[in-house]
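Novice: with the sequence up front, the predicted model follows.
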Amino acid sequence: MVVVPLPSGVELHARISTPSNPMANKVDYGLPSIVFCHPTWLDSFFFYPQMEDPLFTEGYNLVAFDMRGHGLTHVGERPKSYDAWSVADDISAGMERLGIRTAHVVGVAFGAVVAANLASAYADKVKTLTLISLPPNQDNEDTMMGYAECREALVAATRYGDADTLDAITRATFAYDAGSGALAPAIREIRDEYMLAARERLAASAEEAADAAFYVWEPVTTRRPQSTEEMARISAPVLILQAAATEEPTFTEDAQLWAFKFNALHRTTRAQVHMIDNVGHFMTLTSPNVGPSEPRRPSTPRSATFGQFDIAALPPTRGQTIGDIMDNRVSVYVDVVTEVVG
């Protein structure tokens, strides 16, 4: 991982892969770049299938930043405001610091919101825009309650060192984005490894966890649809990849509406929506059927994310549902969380 200091004082961590070095500390200025924006609660490791796919690795710089509060990017005092536009500002500043003048930008789930905002606020930096699993403009009440539970659970889990609750947050995140379909093997493997990573990166204190929770979920819960003026500033062609099999039809409808509005505003560039059957809301661009037994390059970015320690096998999945786990944990910690956060 590369530390990328920004003018704001924030130090983003970035994963960089080039054709000559899959664990590079700088980009190859003679090659085009692809910048990836990850989903909520996850980090740049989410894109390891792309970082290991010759379709990408043989001709591009591949760059993925850990957003504030995610992965290895740790920050201190909270700002007065922090939203999806703030995240786009960070990505833009990170690109400048790495010497990336323009890039093809890819975002998944909440990362798609960030990518679209980046293309609006910094149109000259985005060659093409790919939005995968674009979330609805506004989450329903149950989802918003789930986000609140996750914020509370993270603080409480940190105070008591409760790894099971951290697992529940990760399971809840993937359950939301899986929709009605089962997780593909590659996505399921990523989920399981994030459980292990969350345990290893447990915050030092409940206060630190509360700060991390702010950076993780505040931009998601405060996001808003782009205004006509903001969408009109996007100059890059747009490809939207959306799962057709989902329990939330609004995911599909919102993606189609986004493209309709975009095309009504533009004459020289267009947005296209491609629906993909038999996948969940979370999807990976490559290697959809790769299982844990598949060999990887010795220089896999996985080691850069998790550091040097032995990764123990996860215990068998319990019979409880995501809701059961979250309800059981959160109900125990309500008083504690109120004391720390409130």
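Specialist: The structure has been received and is ready for your questions. Numbering: from 1, shown residues only.
Novice: name the element Leu241 belongs to?
Specialist: Assigning secondary structure by DSSP states H and E places Leu241 in strand 238-243.
Novice: now that strand - C-alpha only, PDB.
Specialist: Listed in PDB are the C-alpha atoms of strand 238-243, where the atom choice follows Å, rounded to 0.1, in the frame of the first residue of the first chain:
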ATOM      1  CA  VAL A 238     -21.200   6.500 -18.900                       C
ATOM      2  CA  LEU A 239     -21.800   2.800 -18.700                       C
ATOM      3  CA  ILE A 240     -24.100   1.500 -15.900                       C
ATOM      4  CA  LEU A 241     -23.900  -2.200 -15.000                       C
ATOM      5  CA  GLN A 242     -26.900  -3.200 -12.900                       C
ATOM      6  CA  ALA A 243     -28.000  -6.500 -11.500                       C
END
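Novice: next, the residue nearest to Ala198 when sequence neighbours are not counted: phi, psi?
Specialist: With C-beta to C-beta, 6 or more residues apart in numbering as the criterion, Ala198 has its nearest non-adjacent residue at 4.3 Å, and that residue is Leu166. C-beta here means a position set from N, CA and C on the backbone, and glycine is covered the same way. As for Leu166, its main-chain torsions (degrees, to the nearest 10) stand at phi -60, psi -40.
Novice: now Leu166: how far from Gly69?
Specialist: Remark: distance between Leu166 and Gly69 (C-beta to C-beta, to the nearest Å) = 14 Å.
Novice: hang on, the earlier thing: neighbouring strands for the strand holding Leu241, and are they parallel or not?
Specialist: In its sheet, strand 238-243 lies beside strand 126-132 (parallel), strand 271-276 (parallel), with partners assigned from DSSP bridges.
Novice: before we move on, back to that, for the residue nearest to Ala198, give me its contacts.
Specialist: Residues in contact with Leu166 (C-beta atoms under 8 Å, 6 or more residues apart in numbering) are Leu154, Ala157, Met195, Ala198, Arg199, Leu202.
Novice: rerun at 7 Å
Specialist: For Leu166, the contact set (C-beta atoms under 7 Å, 6 or more residues apart in numbering) comprises Ala157, Ala198, Arg199.
Novice: what helix or strand is the last one on?
Specialist: Think Arg199. Assigned by DSSP H and E, Arg199 falls in helix 185-200.
Novice: other SSEs contacting that helix?
Specialist: The elements that helix 185-200 packs onto, with contact taken as 3 or more C-beta pairs under 7 Å, 6 or more residues apart in numbering; DSSP states H and E, are helix 163-178, helix 302-306.
Novice: give me that answer again for 6 Å
Specialist: For helix 185-200, the contact count by 3 or more C-beta pairs under 6 Å, 6 or more residues apart in numbering; DSSP states H and E identifies helix 163-178 as packing neighbours.
Novice: what does the average pLDDT come to for the helix it packs on?
Specialist: The average pLDDT within helix 163-178 is 79.
Novice: please tell me how far Val3 sits from Gly71.
Specialist: Following C-beta to C-beta, the distance that separates Val3 from Gly71 is 12 Å.
Novice: quick one, which of the two is more surrounded?
Specialist: For the pair Val3 and Gly71, the greater number of neighbours falls to Gly71 (25 against 11), based on other C-beta atoms under 10 Å.
Novice: ok, for Leu131, nearest residue in space, not its chain neighbours?
Specialist: Take Leu131 and drop its neighbours on the chain: the residue closest to it by C-beta to C-beta, 6+ apart is Ala112, 4.0 Å away.
Novice: any idea how far whichever helix or strand the one you found is part of is from the chain center?
Specialist: Assessed by DSSP H and E, Ala112 sits inside helix 110-121. Between the centre of helix 110-121 and the centre of its host chain there is 12 Å, according to C-alpha atoms, centre = their mean, to the nearest Å.
Novice: quick check: angle from it to strand 238-243?
Specialist: Here the directions of helix 110-121 and strand 238-243 differ by 170 degrees (axes from the mean of the first three to the mean of the last three C-alpha atoms, to 10 degrees).
Novice: okay, the angle between helix 110-121 and helix 163-178?
Specialist: Helix 110-121 and helix 163-178 are oriented at 60 degrees to each other (the same axes, to 10 degrees).
Novice: list of residues touching helix 110-121?
Specialist: 37-40, 84-85, 87-88, 91, 105, 107, 126, 129, 131, 134, 220, 223, 230, 233-234, 236 (C-beta atoms under 6 Å, 6 or more residues apart in numbering).
Novice: buried subset of the residues you listed?
Specialist: Neighbour-count burial (16 or more other C-beta atoms under 10 Å) is assigned, among the contacts of helix 110-121, to 37-40, 84-85, 87-88, 91, 105, 107, 126, 129, 131, 134, 220, 223, 230, 234, 236.
Novice: can you pick the most crowded of the contacts of Leu166?
Specialist: The most neighbours of any of these, using other C-beta under 10 Å, belong to Ala157, which has 25 neighbours.
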